[in-house]
Every structure is written in structure tokens, then in C-alpha cells.
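Coordinates for the following, if possible.
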Amino acid sequence: MKLALTLGFSILLSQLSFSQKILTDEYEQKITLNDFRLKGKVKKVISTATDSNGNSATLPLYENEYYDQVSLEFNEKGLLDKRVNYLDYRGKLGVYNYVDYVYKTSYLLDNQVNTIVNNGEDPKRVASNKSYYYDNKNQVIKLIDKVEGRSSKSTYETNFIYSNRLDKIVTKVENSISTENNLTYNKNGFLVLNESTSFDGKKGRKSYYLYDNKTPIYKEEIAGSLSSITFYDKGSISKIQSFDTDKNLNYEALYNSNNEIESLKTQSFIVGKSTLTNYKVTYDYDEKGNWIKAKITSNGVSKFNVNRSIYYF
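So this is what the prediction gives:
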């Protein structure tokens, strides 16, 4: 069972400015313990989502947005080495895919390989093989992604163009330009607009950013008739909202001071009419301060649970 979520988000919970984190937000991956808001020397995290009856579930909370169970393995430097995603196959959890991470240095990602096994129901294949290239300032300048579907293969090349900051991102598919992102900054050097254009000249997604002096307070993304808004308090996310093609609210998440989701609103349709369901999220913590259980209720009734088993070095 999956809570309705029309617009996906990949926003890191960081107090760095948007301009400093644009590469991470758009193209890099969550790879550090801090990216996952984990405390202590964590070795492994297994996150499992279930409904109130104990059946496997997916829901828009952290790593379980698309998977019933997720395993994250970290090295002693606090970097992600391996991610394994599980789905429910006729009542039993099975591996859908796993992602391996290789580092060029102690913190620069070199290679990321996504292998799909689909519980053995399909032939094993490398669905995505990403290679990262950097300049002498350790800024990523190129990303090559070799993608393999069930019946086709493609190579994506993304180039990052800098002056004294990142100005443009150009993506090619099989050596033909697919999209171009142009970045605009204010007089203080902070990103205020990220606008994409497709190969045919049509405008794509736009992202707008607002600041209170040097602190981010607001981000709005528009993609066609869909949109999302992110609000910030003291540089950290406080609220996310997304809207459907009719401008109805279809998702809302409120965050507490620990950058944890404390309440949700999700859209569903009853006899063709849009309605919102409200959820409250409460947490249990281990001695390190990491949450190990998230309990999701609606109108006081238990609906879902996310249990995290955390292992330390």
C-alpha cells in the first residue's frame, strides 16, 4: 500500500546555501551519515515499513518512499558503500536492486552502479553505471551514466560549466543535447533561479529560491502544471507542499527541529473527488539519538510503522 505522492523530492536536509548544494541536490547522491541524519559511527541501517496489520508497505517517509525495506551499509569513514532495496513479492520480501558506491578519494564519489535483480524474476542487469569526473578544485565537471533497460541501452553525459561558480548544466543523450540548465545568482552570489530548456527550445522545470540575507527561506519548483514549495526555518526544511495539475494540495510534510517529519497530508480520491488524509508521526530513539521507530497514525488510529535496526562499529 502506498500513500499518494505525485511529486518526488530529493532535497537534502542541510544548512548550506542553495548555491553551495546545487550539485548535490540535482545530480549527486546521499552518501554521508549526515546526509541521512545519522549520529554516531553507524555501520548498517535496515528500515522496514509495515501497515497496522504487519503487512509490508511503502510510504513517503525517508528511504521507504518506494521500497518496503531498505538496507544501507556504511564504511568506517561514514560513507555509503551499498544500498539494497526490497519489495514485497507475494507476501515475502525480496531484493529488487542494489547499488554499490566506489570513491575516488576519502569523500569524492567515483562510480555508482545500480544492479537490478527483481527477486530473480528477470535477468540480472546493470541498469545504471555512473562515473563522476572532477577538476583540480574537486568540482564535478562531468557525469557519464550508462543506462540499460530491458530492451535498450543509452549513454547520458552531463557537463557542468563554471566561471567562478556553476553557470550551466548540459545533458546529452547519445551525443545529442537533451536538456540545458541555466543558473542565475543574486548580487550576493546565491542561486535564485535554475531553469531547464529541452533540445527543442521548450522551457522545462523552473526552480526559484528566496533568502533572508544569506539564509534560505523558500524554494518553489514548477514542472508543467505541477508545482512544489519548500519552506525553511534557520536554513533547515520546515515544510514541503506539492500541488496537482488543478492546483490542489496533494502532499504536505511538516518537519520538527530535528529535521524529522512530524505530520503528513496526502491526497486520495473518493468518487472522483479530491480529499486529504492527515497523518501524525511520532518517534522512538536509541541511546545515540537516532530514531528506531516511526509510528504513523490518523485520527488517533495506527496506520503504519517504520522500524529501523541500526548497527554500529
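
Low-confidence ranges, the protein, go.
1-28 (pLDDT under 70).

ranges for the helices of it?
Assigned by DSSP state H, the chain shows helices spanning 18-26.

Who are the contact partners of L210?
Each residue near L210 by C-beta atoms under 8 Å, 6 or more residues apart in numbering is listed here: V192, P216, I217, Y218, K219. (C-beta placed from N, C-alpha, C; glycine too.)

Among these, name the ones in strands.
V192, P216, I217, Y218, K219 (DSSP state E).

Now list the buried members of the residues you listed.
V192, P216, I217, K219 (16 or more other C-beta atoms under 10 Å).

Residues contacting stretch 179-193, please?
By C-beta under 8 Å, 6+ apart, the list of residues contacting stretch 179-193 reads 17-19, 22, 26, 165-171, 194-199, 204, 206-211, 214, 216.

Any figure for the gap between R83 and G235?
27 Å (C-beta to C-beta, to the nearest Å).

scratch that, R165 is what I was asking about
Applying C-beta to C-beta to R165 and G235 gives a distance of 19 Å.

Then T297?
Applying C-beta to C-beta to T297 and G235 gives a distance of 30 Å.

do F160 as well
Taken as C-beta to C-beta, the span from F160 to G235 is 24 Å.

Give me the more crowded residue out of those two.
F160 (22 against 16; other C-beta atoms under 10 Å).

That one touches D135, doesn't it?
No - counting by C-beta atoms under 8 Å, F160 does not reach D135; the two are 9.1 Å apart.

Report the set of residues contacting both of the two.
Both F160 and D135 are in contact with I141, where contact means C-beta under 8 Å, 6+ apart.

Pairing partners for I144 in the sheet, please.
Beta-bridge pairing for I144 (DSSP bridges): S131, E157.

so how many other residues sit close to it?
Using other C-beta under 10 Å: I144 sits among 14 other residues.

just the one 4 residues further on next, same as before
Burial of E148, expressed as a neighbour count using other C-beta under 10 Å, amounts to 15.

Let me see the contact set for it.
Contacts of E148 by C-beta under 8 Å, 6+ apart are R125, V126, A127, S128.

Return the subset of those lying in strands.
Reading strands off the contacts of E148 with DSSP E, I get R125, V126, A127, S128.

Hmm, the third one is touching V147, no?
This means A127. Yes - counting by C-beta under 8 Å, V147 is a contact partner of A127 at 6.8 Å.

Thanks again, I'm all set now.
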